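Visitor: Kindly generate the corresponding structure for this input.
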Amino acid sequence: MKILISSDGTHAHFYQRVAWANAFNSCGMQAMLWDCKNSSAFDAFDTFEPDIFLGQAYNLTEDVVKCIRERPWLKVGLRAGDWGDQTSEIDHERFNILTCSPQEMQALKMLNDETGQIKFVHIHYTPEAIGVTHNHFESIGIKPISLMMCADVLSYRGANFDPALACDIGFVGGYWPYKAQVLDPYLMPLLEPFGQYGVKLFGNQPWKANQYCGLISDDKVKDVFVSSKICPNLSEPHAQEYGFDVNERIFKILYAGGFCISDNVTGYRKTFGEHVPIANDPEHFKELVDYYLNKPTERLKLAEAGNVHVKENHTGFHRASEILAAFEMQDLSEEIVKQYKENINVF
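Guide: Now for the predicted structure:
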């Protein structure tokens with residue numbers, strides 16, 4: 001089984017695609033990431049000759065469509081923006097939410113009417129949300145599914161405490177105006193006065209803070225999570241407003257073995273239950289930070305429970321299994337989970 005995965009840049013979804021590819025390859029399949037922005041679709045498809053193509057509706061160029069049409073056996077799954085009952089309610093001036101454009105809708109309908117090869121579209125929202133965020137895809141004969149974020153087992157296992165990274169609060173992520181709407185009230189007050197908390201900030205966008213420690217390599221991110229007493233999980237504004245966007249960071253923190261306190265997003269409560277303390281507002285967030293800094297036993301207990309929960313439900317292997325199930329490849333779907341339990345999740 002050969003799976004071609006389209007990738008369009010180094011962002012959260014890139015790391016999710018790496019997690020899927022690592023899972024497929026670990027189970028004896030062949031998965032390849034294709035940089036769709038910098039290399040030819042014809043080269044990728046002709047060289048690799050996939051059985052499955054995982055792409056994006058918003059990257060469905062004429063070249064990609066032609067490659068799909070030339071391979072009638074090819075099964076296709078595409079990430080797609082919102083197109084559902086709730087889409088008309090989105091305040092685009094306030095919230096940065098990906099939506100499916102009319103051009104994308106038309107291209108999807110035409111391709112699926114002609115070939116029937118698009119088996120599903122997906123988004124990283126909670127399963128409950130799909131019925132209102134993506135249900136209009138059903139009107140053109142395409143099933144919408146949830147493929148939530150996950151932990152990449154091969155990248156985030158084996159985390160080690162590093163005294164150089166040790167701190168009260170460790171955060172890995174960028175700072176930009178949209179995200180600042182949440183970072184400013186939740187995290188920035190903990191930076192002043194300097195020294196009140198031991199804080200280390202890492203990210204690919206500079207923070208205007210003395211606690212900013214610069215970039216950190218991908219292989220050291222997991223060590224930040226286990227070397228910090230508390231790892232905040234802070235969302236973008238639309239996630240707090242609508243509650244269905246569960247970000248990648250929380251899965252990585254818990255899989256690595258870190259302790260997490262999160263802002264209030266409904267999807268976190270549904271996904272992680274009591275394993276992650278949830279702050280109702282910035283004041284409550286600071287209260288939780290102060291409380292858990294002085295409760296190492298409780299921190300460890302919650303971190304261990306969260307780690308088990310992610311390992312048992314939310315790794316790249318689980319998502320790879322869900323992808324195959326969505327393609328009605330049930331035997332292969334079950335085999336991936338079986339191999340994960342027997343050979344991978346033994347550490």
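
Visitor: contacts and neighbour counts: CA atoms only from here.
Guide: Will do.

Visitor: Checking Lys341 next. Helix, strand or coil?
Guide: Put simply, Lys341 is helix when judged by DSSP: H, G, I helix; E, B strand; the rest coil.

Visitor: Distance check, it against Phe327.
Guide: Lys341 sits 22 Å away from Phe327, going by CA to CA, to the nearest Å.

Visitor: who's more crowded, the two?
Guide: Comparing Lys341 with Phe327 by neighbour count (other CA atoms under 10 Å), the higher total belongs to Phe327, at 17 against 14.

Visitor: Please name the strands paired to the one helix or strand Gly77 maps to in the sheet, noting orientation.
Guide: If you go by DSSP states H and E, Gly77 is part of strand 75-79. Strands flanking strand 75-79 in the sheet, each with its direction: strand 52-56 (parallel), strand 118-123 (parallel) (DSSP bridges).

Visitor: In the helix or strand following that strand, which residues are buried?
Guide: Scanning the chain past strand 75-79 towards its C-terminal end, the next helix or strand to appear is helix 102-115 (assignment: DSSP H and E). By 16 or more other CA atoms under 10 Å, the buried positions in helix 102-115 come out as 104-105, 107-109, 111-112.

Visitor: ok and helix 102-115 relative to strand 118-123, angle-wise?
Guide: Inter-element angle recorded for helix 102-115 and strand 118-123: 150 degrees (by axes from the mean of the first three to the mean of the last three CA atoms, to 10 degrees).

Visitor: what packs against helix 102-115?
Guide: Contacting helix 102-115 under the criterion 3 or more CA pairs under 8 Å, 6 or more residues apart in numbering; DSSP states H and E is no other helix or strand.

Visitor: what's the domain layout of this protein?
Guide: Domain ranges of the chain: 2-150+315-344, 157-313, per automatic domain parsing.

Visitor: Please convert those domains to CSV, extending it with mean pLDDT.
Guide: Conversion of the domains of the chain to CSV gives the following (pLDDT from 0 to 100):
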stretch, mean pLDDT
domain 2-150+315-344, 97
domain 157-313, 97
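
Visitor: gap between Glu335 and Phe317?
Guide: As judged by CA to CA, Glu335 and Phe317 stand 10 Å apart.

Visitor: Between these two, point out the one with more neighbours.
Guide: Residue environment comparison for Glu335 versus Phe317 gives the larger neighbour count to Phe317, 31 against 13, counting by other CA under 10 Å.

Visitor: what about the helices in the stretch 201-347 of the chain?
Guide: Secondary structure of the stretch 201-347 of the chain by DSSP state H, counting those that start in this stretch: the helices cover 218-227, 237-242, 249-256, 266-272, 282-293, 296-313, 316-326, 330-339.

Visitor: So which of those helices is the most surrounded?
Guide: helix 249-256 (a mean of 27; mean count of other CA atoms under 10 Å).

Visitor: in terms of contact count, name the helices or strands touching that one.
Guide: Under the contact criterion of 3+ CA pairs under 8 Å, 6+ apart, helix 249-256 touches helix 153-156, helix 218-227, strand 228-233, strand 260-262, helix 296-313.

Visitor: As TSV, those with distance to Ile250 would be great.
Guide: Converted to TSV, the helices and strands packed on helix 249-256 look like this (distance: least, CA to CA, whole Å):
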stretch	distance to Ile250
helix 153-156	12
helix 218-227	10
strand 228-233	6
strand 260-262	7
helix 296-313	10
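
Visitor: that older thread, tell me which of the helices of the stretch 201-347 of the chain lies nearest to Arg71.
Guide: Nearest to Arg71 among these is helix 316-326 (18.7 Å), distances taken as CA to CA.

Visitor: what is the orientation angle of that closest one with strand 52-56?
Guide: Helix 316-326 and strand 52-56 meet at an angle of 100 degrees, taking the same axes, to 10 degrees as the criterion.

Visitor: Show me what helix 316-326 packs onto, helices and strands only.
Guide: Secondary-structure packing of helix 316-326 (3+ CA pairs under 8 Å, 6+ apart): helix 12-26, helix 330-339.

Visitor: need the helices of the stretch 201-347 of the chain in JSON lines with distance to Tyr156, can you?
Guide: Below are those laid out as JSON lines (distance: least, CA to CA, whole Å):
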{"stretch": "helix 218-227", "distance to Tyr156": "6"}
{"stretch": "helix 237-242", "distance to Tyr156": "25"}
{"stretch": "helix 249-256", "distance to Tyr156": "5"}
{"stretch": "helix 266-272", "distance to Tyr156": "19"}
{"stretch": "helix 282-293", "distance to Tyr156": "24"}
{"stretch": "helix 296-313", "distance to Tyr156": "11"}
{"stretch": "helix 316-326", "distance to Tyr156": "11"}
{"stretch": "helix 330-339", "distance to Tyr156": "18"}
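
Visitor: Please verify my assumption that Ser6 contacts Tyr58.
Guide: No - the pair Ser6 / Tyr58 is not scored as a contact, 11.3 Å apart, by CA atoms under 8 Å.

Visitor: More neighbours: the two, which one.
Guide: The neighbour comparison of Ser6 against Tyr58 (other CA under 10 Å) goes to Ser6, with 22 against 19.
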